[in-house]
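S.K.: 3D model of this:
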Amino acid sequence: MISPAYCVMMAQYNSWQNRCMRQAMEQLDEADLTADRGAFFKSILGIANHLLWADRMWMSRLGDTVEKPDVAASGSTAITPTSAVWSAERFRLDGQMELWAEGLHAIDLTGNLRWYSGALGRDTARPVALCVAHMFNHQTHHRGQIHAMLTAAGARTADTDLFIMPGLE
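M.R.: All right, here's what the predicted structure looks like:
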């Protein structure tokens, strides 16, 4: 399904896109970032926090260097109080994700991952490769929402196309 090289590329894409998103977020004030924009997770910062929370959750399951969030999904939108705190936490986690991906071997992407799923309300198991693909897909989905909100709020946003990511040549 996926390979270690795919994981490295997607972790790099995640970091690049989060840097671009951070630059766009810096163009707005905190009131703009926390305004309810009618999305499921309400605001730009709310979605960014949820994504940070979810990435921490998945990385705590997939590796041994990221601590599981200490709040449930219902509290995920408020795990950082400001965009500055979010930015620092995001930068740190992105580095951890890249290091995790760079250390992967094909065997690490086989078998099942077992965990208690709050979404399902029970213990569950799914193929590791599927969980990793889901993590990267989840990132792209929510960054797309944030990108649209940033654009609507008047921020200049960067391109999101994977094929133009710096360093692919």
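S.K.: rounded mean pLDDT for the helix of greatest length in the chain, please.
M.R.: Counting by DSSP state H, the longest helix found in the chain is helix 128-152. Helix 128-152 shows a mean pLDDT of 97.
S.K.: same check on stretch 9-20?
M.R.: 97.
S.K.: list the buried residues of that stretch.
M.R.: 9-18, 20 (16 or more other Cβ atoms under 10 Å). C-betas here are computed from N, CA, C, even on glycine.
S.K.: what is the nearest of the residues you listed to Q96?
M.R.: A11 (9.5 Å; Cβ to Cβ).
S.K.: re the thing from before, and the buried residues of stretch 9-20, which of them are in helices?
M.R.: 9-18, 20.
S.K.: report the secondary structure element holding the residue nearest to F41 when sequence neighbours are not counted.
M.R.: Residue nearest to F41 in three dimensions, not counting chain neighbours: I47, with 4.5 Å by Cβ to Cβ, 6 or more residues apart in numbering. Counting by DSSP states H and E, the element that carries I47 is helix 44-62.
S.K.: which strands or helices does the helix or strand following that helix pack on?
M.R.: Counting by DSSP H and E, the element after helix 44-62 in chain order, helix or strand, is helix 83-102. Using 3 or more Cβ pairs under 8 Å, 6 or more residues apart in numbering; DSSP states H and E, the elements in contact with helix 83-102 are helix 4-25, helix 44-62.
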